[in-house]
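> Predicted model and sequence below, questions to follow.
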Amino acid sequence: NAGVMQNPRHLVRRRGQEARLRCSPMKGHSHVYWYRQLPEEGLKFMVYLQKENIIDESGMPKERFSAEFPKEGPSILRIQQVVRGDSAAYFCASSPPSGINEQFFGPGTRLTVL
Amino acid sequence: GQQVMQIPQYQHVQEGEDFTTYCNSSTTLSNIQWYKQRPGGHPVFLIQLVKSGEVKKQKRLTFQFGEAKKNSSLHITATQTTDVGTYFCAGRAGGYNKLIFGAGTRLAVHP
């Protein structure tokens, strides 16, 4: 059973470009969470999704950031018009649909904005 | 909103010394989880505590959940160099799946 997969692992963008980060949850998991981690800092919750639904996006910046988890395919975190302050590691985690369980984290995408 | 505070931010120990990190929530938690992140890696689940006053052990690691379910601690006995990393607590309030992470305690172990 493959773990949570994220791609790309490293992404370099110039200011003003778009960044698309992908997350494939573990098989059987229908809950996906996105976190941002700045260097030397903790994990900041961004958004919690279930298939085709955004459950909680209270940690998402109001502009430029969006997330989706379609019926088919991976979850996507999209950052439009990136700025240097968006440089960070973005982690995706998934959990199964039943109960309140541990979250399984992917390896992360390290985004660098030049 | 709900906040989870974690101290200390950094801890340097000599190999063989003990280590403790503390976690405090501004609200009562339904459960608390602990994760470890190695340098350059991703968070890995260690344990979940649910009951008031619960104590769980994993080899040299001891986890406690306070009686009021607002604080927790992780204690490592006789640290080893393999214990290096950042330890995060993460609290959940109510039946909601969202976790609020503490800022983490970074542990350095000197041989």
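Yep, it's here. Just so it is clear, the structure is predicted and the values come from calculations on it, not from any experiment.
> Residue B:104 and residue B:90 touch, don't they?
No. Applying C-beta atoms under 8 Å, one finds residue B:104 not in contact with residue B:90, separated by 10.0 Å. Quick note: C-beta positions are derived from backbone N, CA and C, even for glycine.
> which neighbours do the two share?
Residues touching both residue B:104 and residue B:90 by C-beta atoms under 8 Å, 6 or more residues apart in numbering or on different chains: residue A:43.
> Return the residues of chain B in contact with chain A.
B:1, B:6, B:30-31, B:33, B:35, B:41-45, B:48, B:88, B:90, B:92, B:95-104 (C-beta under 8 Å from any C-beta of the partner chain).
> Mind checking which of the residues you listed are in strands?
Among the residues of chain B next to chain A, the ones falling in strands (DSSP state E) are B:6, B:31, B:33, B:35, B:44-45, B:48, B:88, B:90, B:92, B:100-101.
> residues near the spatially closest residue to residue B:61 that is not a sequence neighbour, how many?
For residue B:61, ignoring the flanking residues on the chain, the nearest one in space by C-beta to C-beta, 6 or more residues apart in numbering or on different chains is residue B:76 at 5.6 Å. Residues within reach of residue B:76, counting by other C-beta atoms under 10 Å in any protein chain shown, total 22.
> Now pLDDT and neighbour count too, for the ones in strands among the residues of chain B next to chain A, in TSV please.
Formatted as TSV, these follow (pLDDT from 0 to 100; neighbours: other C-beta atoms under 10 Å in any protein chain shown):
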residue	pLDDT	neighbour count
B:6	96	22
B:31	91	18
B:33	95	25
B:35	96	25
B:44	95	13
B:45	93	16
B:48	94	18
B:88	96	25
B:90	94	27
B:92	86	21
B:100	89	22
B:101	92	21
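> Could you name the helices and strands sitting against the worst-scoring helix or strand of chain B on mean pLDDT?
Taking mean pLDDT, DSSP states H and E as the measure, chain B has strand B:100-101 as its least confident helix or strand, at a mean of 90. Judged by 3 or more C-beta pairs under 8 Å, 6 or more residues apart in numbering or on different chains; DSSP states H and E, strand B:100-101 is in contact with strand A:43-50, strand B:85-92.
> Would you tell me which one of these is buried the most?
strand B:85-92 (a mean of 25; mean count of other C-beta atoms under 10 Å in any protein chain shown).
> from what I can see residue B:8 touches residue B:104, true?
No. Under the criterion of C-beta under 8 Å, residue B:8 is not in contact with residue B:104, lying 10.3 Å apart.
> Those two: who's more crowded?
Using other C-beta under 10 Å as the criterion, residue B:8 and residue B:104 rank with residue B:104 on top: 25 against 12.
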